[in-house]
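[1] Got a predicted structure plus its sequence, pasted below:
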Amino acid sequence: MLIFINFYFMKFSEILGQDKTKQLLINMVQDNRLSHAILFHGKEGIGKKALALAFAQYIVCENQQETDACGECPACKKAQKLVHPDIHFVFPVIKDGSIKSISDSYIKEWRKEILNSPYFSYKHWNSTLGEGKKQSAIYVDESSEMIKKLNFKPYESDYKVMIIWLPEKMNIQTANKLLKTLEEPSAKTVLILVAENLDFMLSTIISRVQQIKIAPISDDIVASYLTDNFSVSNDIKQFATKYAKGNLIEAIQALNQSEENERYFEWFMQFMRLSYGNKMLDLIQLIDEIIAYDKNELKNFLMYTVRYLRDNFMLNKKQVDLVYLIEKENEFAQKFSSFINENNIDLMYSTKKKTIEDINRNANAKIQMQVLAVNMVRAFSMS
């Protein structure tokens with residue numbers, strides 16, 4: 001279960017790291033150099049949404065400070081609750097025939113997630129909208145809503161602000177209408193686009209916005225946050241920090257999965273030792289134990305083994321800086337890694353990935369795991 005961060009306000013001071021970007025945004029407002037469209041881009045979990053929210057609040061704040069919004073004026077209080085009439089939100093939604101496929105149809109869910117924490121992933125947002133449904137997107141219905149809102153004069157602030165989260169999820173019709181808006185911007189309007197993958201955005205849109213690349217959060221700041229907010233060992237904290245590479249969402253997920261990973265590690269050791277010893281009957285018994293858990297647990301275990309095999313191969317190749325292991329895993333890997341080499345890693349890795357794919361397609365889990373066991377025995381014979 002993902003543990004969130006519990007932000008209650010949307011000020012620059014509450015965003016982890018990103019000091020240079022914060023100052024850049026503040027200077028834009030203070031120096032009256034606001035662009036009509038700004039694109040924040042960078043990897044997941046580094047605070048892009050949080051920066052967009054804090055920037056929007058700073059723009060509408062009635063008593064702007066040198067380093068932040070005041071947090072006390074009526075505009076700030078409305079912005080903090082995500083109800084300021086001049087701050088609008090666009091984000092991916094699920095297509096549901098019973099309601100219109102626009103952001104306003106899901107604004108309650110959006111506010112709940114943001115007020116809990118702006119550090120959430122697209123995958124998490126999809127699960128919030130409805131487990132098992134198709135992926136969310138920004139549909140053409142949204143474009144007319146966007147144009148309507150942008151054509152309104154500001155109600156209370158000097159500016160209208162529209163935050164568009166994941167513009168790369170726009171379908172082509174919506175993207176083209178956004179392009180027209182960018183070519184003919186409304187007065188006193190600021191569009192803040194928050195993207196993770198520029199490869200899926202129209203180049204014509206990218207060329208018409210001011211780009212700001214957001215850097216990953218520094219390891220020191222991530223480690224400090226984990227220390228202050230979670231009761232975990234230094235070993236697990238260090239692993240989560242290194243594994244996350246500046247992505248706070250990944251760091252917290254790594255902590256949440258630490259207990260499950262201990263079980264996966266025990267299964268992995270047994271599976272490898274039995275495969276190396278060609279003990280098929282014992283392997284079948286272990287497989288029965290593993291598949292007694294639910295399908296997600298099985299997939300998580302297989303993903304863990306893919307990661308751990310990769311780390312062992314990196315250790316074999318003396319690429320220690322690319323390895324993410326806690327102490328117990330590292331102790332086992334010091335000996336085990338010598339058995340993972342160029343002769344067998346391709347078979348091991350591809351077999352495990354195929355097993356995950358087949359189980360995702362609802363293939364019989366027991367049969368797929370038995371096939372995996374046969375291939376692991378074969379791979380060890382190649383070492």
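    Thanks, I have it.
[2] Tell me, what's the model's pLDDT at the closest residue to Tyr264 other than its chain neighbours?
    In this structure, Tyr264 finds its nearest non-sequential neighbour in Tyr304, 4.1 Å apart by C-beta to C-beta, 6 or more residues apart in numbering. Just so you know, the C-beta spots here come from the backbone N, C-alpha and C atoms, and that holds for glycine as well. Predicted confidence (pLDDT) at Tyr304: the value is 89.
[3] so Tyr304 touches Ser258, yeah?
    No - in this structure, Tyr304 is not within contact of Ser258 by C-beta atoms under 8 Å, at 11.5 Å.
[4] tell me the strands in the stretch 151-300 of the chain, going along the chain?
    Applying DSSP state E, counting those that start in this stretch to the stretch 151-300 of the chain gives strands spanning 160-165, 189-195, 210-213.
[5] which residues are in contact with the longest one?
    Strand 189-195 is touched from outside by 34-41, 48-49, 52, 55-56, 59, 150, 159-168, 181-182, 185, 201, 205, 209, with contacts defined as C-beta atoms under 8 Å, 6 or more residues apart in numbering.
[6] Helix or strand next in line after the lengthiest helix in the chain, which one?
    With residue count as the measure and DSSP state H as the assignment, the chain has helix 295-316 as its longest helix. Using DSSP states H and E, the helix or strand that directly follows helix 295-316 along the chain is helix 327-336.
[7] Give me the helices and strands touching the helix or strand just after that next one, please.
    Toward the C-terminus, helix 327-336 is succeeded by helix 345-360 as the next helix or strand (DSSP H and E). Contacts defined by 3 or more C-beta pairs under 8 Å, 6 or more residues apart in numbering; DSSP states H and E place helix 345-360 against helix 295-316, helix 365-382.
[8] Just give me how far helix 345-360 sits from the chain centre.
    Going by C-alpha atoms, centre = their mean, to the nearest Å, the spacing between the C-alpha centre of helix 345-360 and its chain's C-alpha centre is 24 Å.
[9] again with stretch 104-121
    A distance of 14 Å separates the centroid of the chain from that of stretch 104-121, by C-alpha atoms, centre = their mean.
[10] what do you get for stretch 23-41?
    25 Å.
[11] Adding mean pLDDT and distance to Gln65, write the strands of the stretch 151-300 of the chain out as a markdown table.
    Shown next, in a markdown table, are those (pLDDT from 0 to 100; distance: least, C-beta to C-beta, whole Å):
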| stretch | mean pLDDT | distance to Gln65 |
| --- | --- | --- |
| strand 160-165 | 96 | 18 |
| strand 189-195 | 95 | 19 |
| strand 210-213 | 96 | 21 |
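[12] Let me have those in CSV, extended by mean neighbour count and distance to Asn362.
    Written out in CSV, the entries for the strands of the stretch 151-300 of the chain read as follows (neighbours: other C-beta atoms under 10 Å; distance: least, C-beta to C-beta, whole Å):
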stretch, mean neighbour count, distance to Asn362
strand 160-165, 23, 32
strand 189-195, 24, 34
strand 210-213, 14, 41
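[13] closest one to Ser224 among those?
    Distances from Ser224 to each of the strands of the stretch 151-300 of the chain were compared by C-beta to C-beta, and the smallest falls on strand 210-213, at 23.4 Å.
[14] Lovely, talk soon.
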